[in-house]
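Asks: Below are the sequence and a predicted model for it; my questions follow.
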Amino acid sequence: METLKGTVIETIFRNDENGYTVALMEADNDIVTITGVFGTDVTSETLEVYGKKVKHPKYGEQFQVEIYNTVLPSSLDQIEGYLGSGMIKGIGKYTAKKIVELFKEDTFDIIQKHPERLTEIEGIGEKKAEMIAKSFSEQADIKEIMMFLQSHEISPGYSVKIFKQYGKNTIKTIAENPYRLSEDIYGIGFRLADKIAESLGVEKVSPYRISSGVKYVLAEYATRGHAYVPYNMLLDSTVSLLEINDDSVEDEISNMAFTDKIHIETINNERVVYYLPYYMAEVNVCKELINLAGVDFNMDEVSAAPFLKSIEEESSITLSLRQREAVIQSIINGVTVITGGPGTGKTTIILSIIKIFENMYKKVLLCAPTGRAAKRITESTDREAKTIHRMLEYAFGEDESDLAFNKNENSPLDCDVVIVDEMSMVDILLMNNLLKAIKRGTRLILVGDVDQLPSVGAGNVLSDIINSNTIKTIRLDTIFRQSAGSMIVQNAHLINKGSMPVYNKKDTDFFFMRENSSRDIVNLIVDLYNSRLPLKYNLNPIKDIQVLSPMKKGDAGVIELNKKLQAAINPPSKLKKEKSFGKYVFRVGDKVMQVKNNYQTEWKIIRDGNTVTGEGIYNGDMGYIIFIDETEQELIVQFDEEREVAYPFSQMDELILAYATTVHKSQGSEFPVVIMPIVWGPPMLLTRNLFYTAITRARQLVVLVGIEKYMQDMILNNKIDRRYSALDYRLSSAFSTYRLLSEGIIEI
C-alpha cells in the first residue's frame, strides 16, 4: 500500500450522501488527484493517505485512498489556512489571521481549552467564541471517530454509514457493544462485528457476544425460511460459531428468554426457540385468521348462487363446478384459500369474485407480494392491484426515524374484501402486518399455487394454512381448454405428479436440448439467448428471454452465466460507460435486478413533459442501466420501461446482473421465454417444486439445456426441506379449543 502526505488545496467533487470525494492534494511539491470516501469535507486539511495509484480512462492518473489520517497543521501558515477554510463556523480568513497573529503555535490549545480568550480578538464576543469552540470540537469529534473506525479496519464507506447512524455517540456505542453494528448497519454482519469486537478486547464469553451470536444463528435460519429453530440445533450452531462451551450459551439463551428477546416453548414434544418478532407474528396471524374466519355473513350456497349466475350471464362464461365452488365459498366465508397450478382458472375466478362484490356495492382491494405480480394481476383483471407494502402504506412513521406500516389495527384498510394473489410468496412477518390492517367483517381471499417454492422470508404461510384443515380451501386441478394446448401447462402438471415432461414435439412450446458438459451447456445457452431464439421467434433477448438457474455458483450458476451472457449481448465498448463493483462490471445497457427491499429509494417518471415521483424499489425488481455518471458518482436504472432510479455508487451492492437469475428470485414473475440449464447440483436445490416453479415462469416457450438424468433426478426429488414453522399447529390447536368451547365440552 502506497502513502502520501500533503494538504488538500481544492475539492473538485463531493457527494454529501456517501462521502465520495475527488480532490487535489499538494504533496512533495506536486499536485495529485485523490479519490475516496471521506467523513467530512477535507479542503485545506493536511492528510496522510494510504492507497494506490490508478489510471482512470478519462481523468488520468489518480491516487485511490483506502485509509487516511488527519494531521493537524503545525506551521502558522497552515494553521491560518485551516481556520480560514470555512470548516470552523464563525471564522473567516480575516478572523483566522487575527487569531493566529495573537496566539501563534498555541492557537489550537486556546480554542480547545480556553475559548474565552478568543474574546481578546476584536469582533469576537462570548457567544461567537462559544460557537467557534463548539464547531472546532465537532470537527475534532468527527475526525476522531473516523480515525477510530479505520483503526479497527472498517472501510471509509462503512465508516460514513456508521457515523450517520450513531453521530457523536459512535465511539461510545461501539465500545459498549460492537455487535450492534451487525443489527443496525446494512452490510455489516456478525463476523465483521466480531472481528471489531476482538480488536477492542471484548471477551469471548461476553454476554453481548453470546447474545449477538444467538441472534445471528436465528437470523441465518430465518433467511432459510425457518420461523423457529429446535433448541438443540440452536445450541450446537451457536457453540460452533462462537467456539465457547455449552454452559455459557445455555445461560445466555435462558437470560434472553427471561428478558423477552427470544421465546422458548414446546411444540409437538420438541423444545424450540423463536426470535421474538417471528413468534409474535405467528401467534397474531393465527389469532387474526380465526377472528376473520369466525364472522357469519348470513349467506349460504343457495343465497350466493344468484350472484354467480348473474355474473356468468353478464360475462358470457360458464364456470366449472370447482370454479363455482371457489367463487361461492369466497362470498359466504370470512377467509377462503384458492390454490391451483397454471391453467386451472385462478384468474377467471378472481375476476368473477371482483365483479360479484362490485355488483353487491362492496369495495374490493387487490394486492400481491411483489410489484411484478401486482402488475400482472392488474393487466389480467383490468383493476388496480398494489403491492402489499404499498397498500399498507409502508413509509416513515411520525418520528421520521423508522419505516412502518401506516395501515394497521389503529388505521385499518377501508374495504369490504381483500384479495391476495401469489400467496405462496407471503412470509409470516408480512402476513402479520397485512392481517393487522384488516378489520373484522372484511372478507379475505388468498390465491396461490401451493406447489411452487415457498416464500423467501421466514414461515410457510400458505402451506400451513392449508395443512391446518381449519380454513376453507378449494383446490383447482382441471386444466381448461384455452390452456390445454400448451405443453408448458401440461408438463407443469406432469412434473407436479412426478412424471417426466413431454418435449420436442413439432410446433409446441417446450423443448429439451441435450449437451453433456457444463461448458457446452453454457455455450449453447448463450447462443440461444443471443441469436438463435431471437432470430427464430423475433424476440428482444434482453426483454423477452430470461435464463433461470437453480444455483448461484458453478459453471452453469447465475454468476458465471451472467458474465458470459453480458459478454455476448452487451460487450465492452468505448461508447458505453461501465463501473466495476464487487464481482460484477455494470455497463450501460445491462439488465439488472434489485436484491433488497428499499422503501426510501426515490424514482421518477417523465411522461408527456410532466414528472411523477414516488418511493420504493423492491427485491426482485428488474430494470436496465441507461446511464452512468462518473461526476455525480451514480448510475441510472430504468424499471418497468419508465421508472428511473439514481443509484449512488455506494448503493450498488443493491444491484446484480440479471440476464440470468435464480429460480427463487423469479418467483411472482412471468417471462415470454425461459431457458434453464439442467446440470448436476446439490440435491437440496434440485427439487421437483423448484423445477415446477421454473417452467411455470414461462408464458410462450421453455427451452431446457443439459442432461436428462438430472431432470429426472429433480422430478423424483420431492423431498422438500422441512421449514420450521408452527402456524398449522397453532391453527389446529386453536380451532380444536374453539370447537370444544362452542360445544360446551370444556369451559374457560
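Replies: Yep, it's here.
Asks: When you work out contacts or count neighbours from here on, use the C-alpha atoms and nothing else.
Replies: Fine.
Asks: For stretch 306-318, buried residues please.
Replies: Under the neighbour-count criterion of 16 or more other CA atoms under 10 Å, stretch 306-318 has Phe307, Leu308, Ile311 buried.
Asks: could you give me the average pLDDT of that stretch?
Replies: Mean pLDDT, stretch 306-318: 87.
Asks: Distance from the chain centre to that stretch, please.
Replies: Centroid separation between stretch 306-318 and its chain, computed with CA atoms, centre = their mean, to the nearest Å, is 42 Å.
Asks: can you check stretch 691-701 too?
Replies: That offset, for stretch 691-701, works out to 23 Å (CA atoms, centre = their mean).
Asks: hmm, who's touching it?
Replies: Here stretch 691-701 makes contact (CA atoms under 8 Å, 6 or more residues apart in numbering) with 342, 451-453, 488-489, 492, 495-496, 509-510, 548, 663, 666-667, 669-674, 676, 702, 714-715.
Asks: List buried residues within the residues you listed.
Replies: Buried subset of the contacts of stretch 691-701 (neighbour count, 16+ other CA under 10 Å): 342, 451-453, 488-489, 492, 495-496, 509-510, 548, 663, 666-667, 669-671, 673-674, 676, 702, 714-715.
Asks: one step back: among the buried residues of stretch 306-318, pick out the one closest to Ser240, please.
Replies: Of all these, Leu308 has the smallest distance to Ser240: 59.8 Å, by CA to CA.
Asks: I'd say the closest one and Ile328 touch.
Replies: Yes: assessed by CA atoms under 8 Å, Leu308 is found in contact with Ile328 at 7.3 Å.
Asks: For the protein, name the helix or strand with the lowest mean pLDDT.
Replies: helix 481-484 (a mean of 56; mean pLDDT, DSSP states H and E).
Asks: circling back: any chance of the buried residues of stretch 306-318 in TSV, plus secondary structure and distance to Glu130?
Replies: Formatted as TSV, those follow (DSSP: H, G, I helix; E, B strand; the rest coil; distance: CA to CA, whole Å):
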residue	secondary structure	distance to Glu130
Phe307	helix	77
Leu308	helix	78
Ile311	helix	77
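Asks: Using a markdown table, lay out those together with distance to Thr387.
Replies: Shown next, in a markdown table, are the buried residues of stretch 306-318 (distance: CA to CA, whole Å):
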| residue | distance to Thr387 |
| --- | --- |
| Phe307 | 29 |
| Leu308 | 28 |
| Ile311 | 27 |
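Asks: what's the span of stretch 671-686 from first residue to last?
Replies: Stretch 671-686 has an end-to-end distance of 21 Å (criterion: CA to CA, to the nearest Å).
Asks: residues in contact with the host helix or strand of Lys579?
Replies: According to DSSP states H and E, Lys579 maps onto strand 578-581. Contacting residues not belonging to strand 578-581 are listed as Val585, Phe586, Arg587, Val588, Ile628, Met652, Asp653 [CA under 8 Å, 6+ apart].
Asks: Then stretch 719-731?
Replies: Contacts with stretch 719-731, where a contact means CA under 8 Å, 6+ apart, come from 225-229, 267, 282-283, 285-286, 290, 459-461, 464-468, 470, 684, 687, 689.
Asks: How far does that stretch sit from its chain's centre?
Replies: On CA atoms, centre = their mean, the centre of stretch 719-731 falls 24 Å from that of its chain.
Asks: could you pull out the strands for the stretch 351-500 of the chain?
Replies: 364-368, 385-387, 394-396, 403-405, 417-420, 443-448, 472-476 (DSSP state E, counting those that start in this stretch).
Asks: can you check the stretch 601-748 of the chain too?
Replies: 610-617, 622-629, 634-639, 643-648, 655-657, 660-662, 671-678, 698-706.
Asks: Quick check: mean pLDDT of the fourth one?
Replies: The predicted model assigns strand 643-648 a mean pLDDT of 90.
Asks: Also the first one?
Replies: Averaged over strand 610-617, pLDDT sits at 83.
Asks: Could I get the buried residue list for it?
Replies: Gly616, Ile617.
Asks: Which strands or helices does it pack on?
Replies: Strand 610-617 sits against strand 598-607, with contacts defined as 3 or more CA pairs under 8 Å, 6 or more residues apart in numbering; DSSP states H and E.
Asks: got the angle for the strand it packs on vs strand 634-639?
Replies: Counting by axes from the mean of the first three to the mean of the last three CA atoms, to 10 degrees, strand 598-607 lies at 70 degrees to strand 634-639.
Asks: buried ones in strand 598-607?
Replies: Buried residues in strand 598-607 (16+ other CA under 10 Å): Tyr599, Glu602, Trp603, Lys604, Ile605.
Asks: could the residues you listed be laid out in a markdown table, adding pLDDT and distance to Asp16?
Replies: Listed next are those as a markdown table, based on pLDDT from 0 to 100; distance: CA to CA, whole Å:
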| residue | pLDDT | distance to Asp16 |
| --- | --- | --- |
| Tyr599 | 74 | 21 |
| Glu602 | 86 | 17 |
| Trp603 | 88 | 20 |
| Lys604 | 89 | 21 |
| Ile605 | 88 | 25 |
